[in-house]
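**Q** sequence first, then the predicted structure:
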Amino acid sequence: MKATVLIVEDEEKLRRVIELQLKTAGYEVEQAGTAESAFKLADRADVIITDLRLPGLSGLEMLQQLRSQDLRTPVIVMTAFGSIETAVEAMKAGAVDFLPKPFSLDHLMTVVDKALEVRTLRNENRELRAELSQRYEFDNIIGRSAAMREIFATIERVAPTRATVLLCGESGVGKDMIARAIHHHSPRDSKPFVKINCTALPENLMESELFGYEKGAFTGANISKPGKFEQADTGTVFMDEIGDVPPAIQVKLLRILQDREFERLGSNKVRHVDVRVVAATNVDLRAALEQGAFREDLYYRLNVLPLNIPPLRERKEDIPYLARHFVRKLSKDSGSRVESISDGAIERLMEYHWPGNVRELENTIERSLVLASGDVLEAADIRLDLAPKPRLGSADGFLPEGMTLDSYEQSIIREALNRANGNKSQAARLLGLTRNALRYRLSQMGIES
């Protein structure tokens, strides 16, 4: 069946031009001059294109009402003002893309085709969730919980596309494995998979590492060198800890995502690259937005297909399957004679809160296998990390005597910098912050370096 596009635009000539282009491309078209009349047609449309400035209800208000009614039809917004703020506001409300006026008809068709692909993904994702209800293993990603079945279904649907994916979750939940699963189930499977750990890259070297450099670009640059994005051409780039990318590099990363182009350090030659980006973060990027440490436009470009991976303590029903998997895998790798794990040992694992998530569970199983004496891992063999945590604050568990919240926070930041010998990246890791969030706090304290 032909897809139906609803055009909501008060300017009749523009409606007519868009209608002719869409009908020529094989689409069915419905038209409305106001948001109020569009509501009667919205449930019949596969894609909605709306102007933001309309008589009566605005396009943004219409979009918000459609989302409140749980209508899943993709919405594309048009604006004559083309500002980042306007586009971001619309995407916050649920728009899948925007068209800044004036736009070419080729651009229009590209955006409509992309919106239909999003609709197809959403529909098929719901169907696959039902089909995968019994599945509990996906490329060594183990789980039978509802949350993990949904993740399996999402991987199945997003992998064949080139859409950007943002993996969110605590450290140790398996974001790296999920990124690799997305790559290996995509048409890019035989192409490069390049992982970039943004935290491990020093800030002064990040641009040259990501985008490459030309001979003579800086002292010691004796040859030209391609960056990570060039190395991943036609493949997938996995950017781990994306929240640690400094603002100057965020601008260049936005250009890669929008236009698939960049320039090497020391060159003004524009290079084009075909990469699929999967990003991951263990911090709240929305909080970083509020602090000014992360660009809002970059966030919405990354957040095309967000995938939230729950911590292990929220899906404890997966622990038995994970534990048995790790016993089989690690026993073989380590030469241990342990062949299975007892129900008592499973119960002990279920009682623990797992602050380090799946990574901590794997390490615990490995440690227990080394120290086990029999061929079955028993409850007494389980070696959990139960070391007491240092207590902060006064004896009543609140702020230290004579300190305000601000002064206490500043003292902790100074202590972290002291322990890290002034290294901001290391201090940020100690504090559980991104490097940019720490930089923001330091500027508030009047400490720039």
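**A** That came in fine, so what should we check first? These numbers come from a predicted model, not from an experiment.
**Q** packing partners for the helix or strand that contains residue 31?
**A** Here residue 31 sits within strand 28-32, counting by DSSP states H and E. Contact here means 3 or more C-beta pairs under 8 Å, 6 or more residues apart in numbering; DSSP states H and E; on that basis strand 28-32 packs against strand 4-8, helix 12-24. Any C-beta I mention is one placed from the backbone N, CA and C, and that applies to glycine too.
**Q** among the ones you listed, which is nearest residue 41?
**A** Proximity of those to residue 41 was assessed by C-beta to C-beta; the nearest stretch is strand 4-8, lying at 5.4 Å.
**Q** show residues contacting the closest one.
**A** If you take C-beta atoms under 8 Å, 6 or more residues apart in numbering as the criterion, strand 4-8 is touched by 15, 18-19, 22, 27-35, 38, 41-42, 44-51, 54, 59, 62, 112.
**Q** neighbouring strands of it in the sheet, and parallel or not?
**A** Paired strands of strand 4-8, with direction, are strand 28-32 (parallel), strand 47-51 (parallel) (DSSP bridges).
**Q** any idea of the mean pLDDT for that strand?
**A** Throughout strand 4-8, pLDDT has a mean value of 94.
**Q** rewinding a little: which parts of the helix or strand following the strand holding residue 31 are buried?
**A** Beyond strand 28-32 in the direction of the C-terminus, DSSP H and E gives the next helix or strand as helix 35-38. In terms of neighbour count (16 or more other C-beta atoms under 10 Å), helix 35-38 has its buried residues at 35, 38.
**Q** got it, and stretch 193-210?
**A** Applying a neighbour-count criterion of 16+ other C-beta under 10 Å, the buried positions in stretch 193-210 are 193-196, 198-199, 201, 203, 206-210.
**Q** same check on stretch 315-329?
**A** When burial is assessed from 16+ other C-beta under 10 Å, stretch 315-329 yields the following buried residues: 315, 318, 319, 320, 321, 322, 323, 324, 325, 326, 327.
**Q** out of these, which are inside helices?
**A** Among the buried residues of stretch 315-329, the members falling in helices are 319, 320, 321, 322, 323, 324, 325, 326, 327 (criterion: DSSP state H).
**Q** once you drop chain neighbours, what's closest to the third one?
**A** Counting by C-beta to C-beta, 6 or more residues apart in numbering, residue 321 lies nearest to residue 142, which is 4.9 Å off, once chain neighbours are set aside.
**Q** picking that back up, kindly reformat the strands paired with strand 4-8 as CSV containing mean neighbour count.
**A** Compiled in CSV, the strands paired with strand 4-8 are given as follows (neighbours: other C-beta atoms under 10 Å):
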stretch, mean neighbour count
strand 28-32, 18
strand 47-51, 26
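**Q** got the CA positions of the strand holding residue 31 in PDB?
**A** Provided in PDB are the C-alpha atoms of strand 28-32 (Å, rounded to 0.1, in the frame of the first residue of the first chain):
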ATOM      1  CA  GLU A  28      -0.900   9.500  -1.100                       C
ATOM      2  CA  VAL A  29      -1.400  13.000   0.200                       C
ATOM      3  CA  GLU A  30      -3.800  14.600   2.700                       C
ATOM      4  CA  GLN A  31      -3.900  18.400   3.300                       C
ATOM      5  CA  ALA A  32      -4.800  20.700   6.200                       C
END
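**Q** that older thread, closest to residue 233 among the ones in helices among the buried residues of stretch 315-329?
**A** The closest of those to residue 233 turns out to be residue 325 (C-beta to C-beta; 34.9 Å).
**Q** hang on, the closest one packs against residue 144?
**A** No. In terms of C-beta atoms under 8 Å, residue 325 does not count as a neighbour of residue 144; the distance is 11.7 Å.
**Q** now the residue most central in space within the chain: which helix or strand?
**A** When C-alpha atoms, centre = their mean is applied to the chain, the residue found nearest the centroid is residue 166 (1.4 Å). Using DSSP H and E, residue 166 falls within strand 165-168.
**Q** what mean pLDDT does that strand have?
**A** Averaging pLDDT along strand 165-168 gives 94.
**Q** stretch 432-449 now?
**A** 77.
**Q** longest helix in the chain, by number of residues?
**A** Under DSSP H, the helix in the chain containing the largest number of residues is helix 105-131.
**Q** show me where the stretch 51-200 of the chain has its helices.
**A** Ranges of helices within the stretch 51-200 of the chain are 59-68, 84-92, 105-131, 146-158, 175-184, based on DSSP state H, counting those that start in this stretch.
**Q** run the chain-centre distance for the last one.
**A** Spelled out, it's helix 175-184. Taking the mean C-alpha point of helix 175-184 and that of its whole chain, the gap between them comes to 12 Å (C-alpha atoms, centre = their mean, to the nearest Å).
**Q** follow-up on the earlier one: wait, which of the buried residues of stretch 315-329 is closest to residue 438?
**A** Each of the buried residues of stretch 315-329 was scored against residue 438 by C-beta to C-beta, and residue 315 proved nearest at 30.7 Å.
**Q** so which residues make contact with stretch 350-366?
**A** 170-174, 311-313, 316, 319-320, 322-323, 326-327, 330, 334, 349, 377, 382-385.
**Q** out of the helices and strands packed on strand 28-32, which is closest to residue 233?
**A** Proximity of those to residue 233 was assessed by C-beta to C-beta; the nearest stretch is helix 12-24, lying at 32.7 Å.
**Q** which other helices and strands contact that closest one?
**A** Of the remaining helices and strands, those touching helix 12-24 by 3+ C-beta pairs under 8 Å, 6+ apart are strand 4-8, strand 28-32, helix 105-131.
**Q** buried stuff in the first one?
**A** For strand 4-8, a neighbour-count test (16+ other C-beta under 10 Å) marks 4, 5, 6, 7, 8 as buried.
**Q** out of the helices and strands packed on helix 12-24, deepest packed?
**A** strand 4-8 (a mean of 23; mean count of other C-beta atoms under 10 Å).
**Q** quick one: distance of that one to the chain centre.
**A** Centroid separation between strand 4-8 and its chain, computed with C-alpha atoms, centre = their mean, is 30 Å.
**Q** how about the nearest residue to residue 283, chain neighbours excluded?
**A** Distances taken as C-beta to C-beta, 6+ apart place residue 243 nearest to residue 283, at 4.8 Å, with adjacent residues excluded.
**Q** how far away is that neighbour from residue 293?
**A** As judged by C-beta to C-beta, to the nearest Å, residue 243 and residue 293 stand 8 Å apart.
**Q** pLDDT weak spots in the stretch 151-300 of the chain?
**A** Counting by pLDDT under 70, the stretch 151-300 of the chain contains no low-confidence segment.
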